[in-house]
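> one predicted model, sequence on top.
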Amino acid sequence: MDHITFHYDTVLSDVHMLLSKPRHLMTRLNHVGQPVFISNFKILSDVERLDSSGSGKRSAEQKSVSSREDCEKDSSPTQEKDGEEGNEEPCLDEDGDLDITRRRFRGEDGGRDLVCPIILKQSSPGLEHEVESPDDEDKCTKDIIKIEHTMATPLQDVGKQVWRGAFLLADFILSESDLFRGATVLELGAGTGFTSIVMATTAKTVYCTDVGEDLLSMCERNVSFNRRMTELTGGEVRVRLLDWLQHSLCTEADVDFSWTEEEVADVYDNTLFIIAADVIYDDELTSGLFRTLHGLCSNFNHTCTIFISIEKRMNFTLRHMDVCCEAYTYFRRCLSQLQDLDDGRCSFRVEQLPCDFAQFFIYERIEQLELWKVTATPRLSDEVCSNPELKPSPGLSLYRPPDREEKINSAVRPAASAGSSVTW
């Protein structure tokens with residue numbers, strides 16, 4: 001357990017690999033035997049953001065140019081010496097091959113720590129209820145967000161890691177803090193709860209939702225780590241169960257992280273914003289996400305704004321014999337159908353936002369990161385208002401996921417037109 005072991009189905013977030021001098025200390029094993037780590041993510045101040053903009057946040061193009069120039073300088077066999085052009089013969093090995101001195105990796109001279117987890121202790125029955133030291137609490141009150149997470153997980157447990165999409169959405173929240181001030185916000189697929197914690201620094205109430213008892217327990221622990229930070233601004237995070245593949249919010253008292261009737265009413269009456277970060281990687285779950293969004297917004301009597309951050313992950317597929325991102329293609333088709341939907345209940349307006357806002361966290365904002373805004377406006381016609389049977393009732397079962405053939409042919413079929421039924 002001194003090093004990370006990768007399997008064929010293992011997924012590791014770039015956030016955990018590329019952070020400069022990350023703190024990756026293994027603290028325990030969770031209920032399913034996965035190593036759990038703790039990382040501190042710093043919110044950059046204005047001065048730090050200016051200082052890092054010229055070095056740590058160069059664009060990919062700048063990095064490529066710089067890297068190419070370095071290579072040309074180091075590998076050039078003829079360099080000027082004392083004002084004269086060098087005419088030295090290239091160094092050859094015994095077989096006549098060009099002998100080039102290997103460049104040292106920057107990590108070898110202490111520039112970056114290797115990601116090697118250190119086992120401190122394994123879980124014990126009372127570990128999750130231990131009180132943090134005062135020093136740790138102070139660190140989490142100002143500009144440090146303490147997050148418990150896993151690394152190198154199977155695909156079904158990627159919610160236990162921190163992803164770049166969460167950083168992008170958190171940057172947007174901090175850049176537009178006045179927009180969310182005092183609001184009621186619902187996060188879908190919250191994972192470790194990182195974005196919900198950031199949102200609670202400006203919003204009044206944040207419902208942080210996901211599925212899975214182990215994941216939700218981790219999320220609640222993270223909320224507890226950072227509670228003093230959110231309490232300073234009067235924000236509150238409530239961790240709750242919300243399964244996109246189910247038909248309603250769970251209100252059973254004997255189920256962990258279930259909803260109270262008052263909370264359900266609060267969500268439907270007061271939610272102004274819905275957020276989701278990096279949740280697009282499986283078509284069935286994407287269908288469930290859009291079904292849930294429509295089911296919620298169709299029962300609101302007010303306008304709701306949805307922000308979705310996504311990272312396009314390109315892969316080579318045998319079906320297309322080319323590099324593509326099928327999950328992203330399916331997501332865009334669902335967005336198009338949502339905007340074209342006309343069911344007399346709610347209208348949706350979709351737009352992509354520029355990602356040129358300030359960066360508050362240290363990560364690489366690559367060009368594959370996108371932020372989408374969906375505005376849901378209730379549109380109850382006179383016929384619907386006069387006929388109670390046509391009014392939407394609270395619930396999420398408004399769309400069916402597409403079958404496999406529908407997914408395969410989605411790239412060649414036109415988007416749904418106004419008045420047509422959706423297929424997700």
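Structure received.
> just the helices in the stretch 251-400 of the chain please.
Taking DSSP state H, counting those that start in this stretch to define them, one finds helices in the stretch 251-400 of the chain at 261-270, 283-297, 326-340, 382-386.
> out of the ones you listed, the one nearest D356 is which?
Between D356 and the helices of the stretch 251-400 of the chain, the shortest separation by CB to CB is 20.8 Å, and it involves helix 326-340. The C-beta positions use only the backbone N, C-alpha and C, and glycine is treated the same way.
> ok, and for the closest one, which residues are buried?
The neighbour-count check on helix 326-340 (16 or more other CB atoms under 10 Å) flags 326-328, 330-335, 337-340 as buried.
> same question for stretch 341-356.
Residues L341, R345, C346, S347, F348, V350, C355 are the ones in stretch 341-356 that count as buried (16+ other CB under 10 Å).
> which secondary structure state does I38 sit in?
Of the three states, I38 takes strand under DSSP: H, G, I helix; E, B strand; the rest coil.
> doesn't H16 make contact with it?
No. The criterion here is CB atoms under 8 Å, and I38 misses it with H16 at 11.8 Å.
> give me the common contacts of the two.
H149 (CB atoms under 8 Å, 6 or more residues apart in numbering).
> and V32, which of the helices of the stretch 251-400 of the chain is closest to it?
Closest to V32 of these is helix 283-297 (CB to CB; 19.8 Å).
> for the closest one, what is the average pLDDT?
The average pLDDT for helix 283-297 rounds to 96.
> stretch 259-279 too?
Stretch 259-279 comes out at a mean pLDDT of 97.
> report how many residues lie close to D256.
13 (other CB atoms under 10 Å).
> which strands or helices does whichever helix or strand M17 is part of pack on?
Using DSSP states H and E, M17 sits within helix 15-18. Applying 3 or more CB pairs under 8 Å, 6 or more residues apart in numbering; DSSP states H and E, one finds that helix 15-18 contacts no other helix or strand.
> give the contact list for M218.
M218 neighbours (CB under 8 Å, 6+ apart): N30, V36, E148, H149, K160, T192.
> now render the buried residues of helix 326-340 as JSON lines, adding pLDDT and distance to D97.
Shown next, in JSON lines, are the buried residues of helix 326-340 (pLDDT from 0 to 100; distance: CB to CB, whole Å):
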{"residue": "E326", "pLDDT": "90", "distance to D97": "43"}
{"residue": "A327", "pLDDT": "92", "distance to D97": "44"}
{"residue": "Y328", "pLDDT": "95", "distance to D97": "43"}
{"residue": "Y330", "pLDDT": "95", "distance to D97": "48"}
{"residue": "F331", "pLDDT": "96", "distance to D97": "48"}
{"residue": "R332", "pLDDT": "96", "distance to D97": "49"}
{"residue": "R333", "pLDDT": "96", "distance to D97": "52"}
{"residue": "C334", "pLDDT": "97", "distance to D97": "54"}
{"residue": "L335", "pLDDT": "97", "distance to D97": "53"}
{"residue": "Q337", "pLDDT": "96", "distance to D97": "58"}
{"residue": "L338", "pLDDT": "96", "distance to D97": "59"}
{"residue": "Q339", "pLDDT": "96", "distance to D97": "59"}
{"residue": "D340", "pLDDT": "95", "distance to D97": "61"}
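> can you redo these as TSV with distance to D178?
As requested, the buried residues of helix 326-340 are exported to TSV (distance: CB to CB, whole Å):
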residue	distance to D178
E326	38
A327	33
Y328	31
Y330	34
F331	29
R332	30
R333	34
C334	30
L335	27
Q337	33
L338	27
Q339	27
D340	32
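> ok, these vs M26, which is closest?
Among the buried residues of helix 326-340, A327 lies closest to M26 (CB to CB), at 30.6 Å.
> measure that closest one to G191 for me?
17 Å (CB to CB, to the nearest Å).
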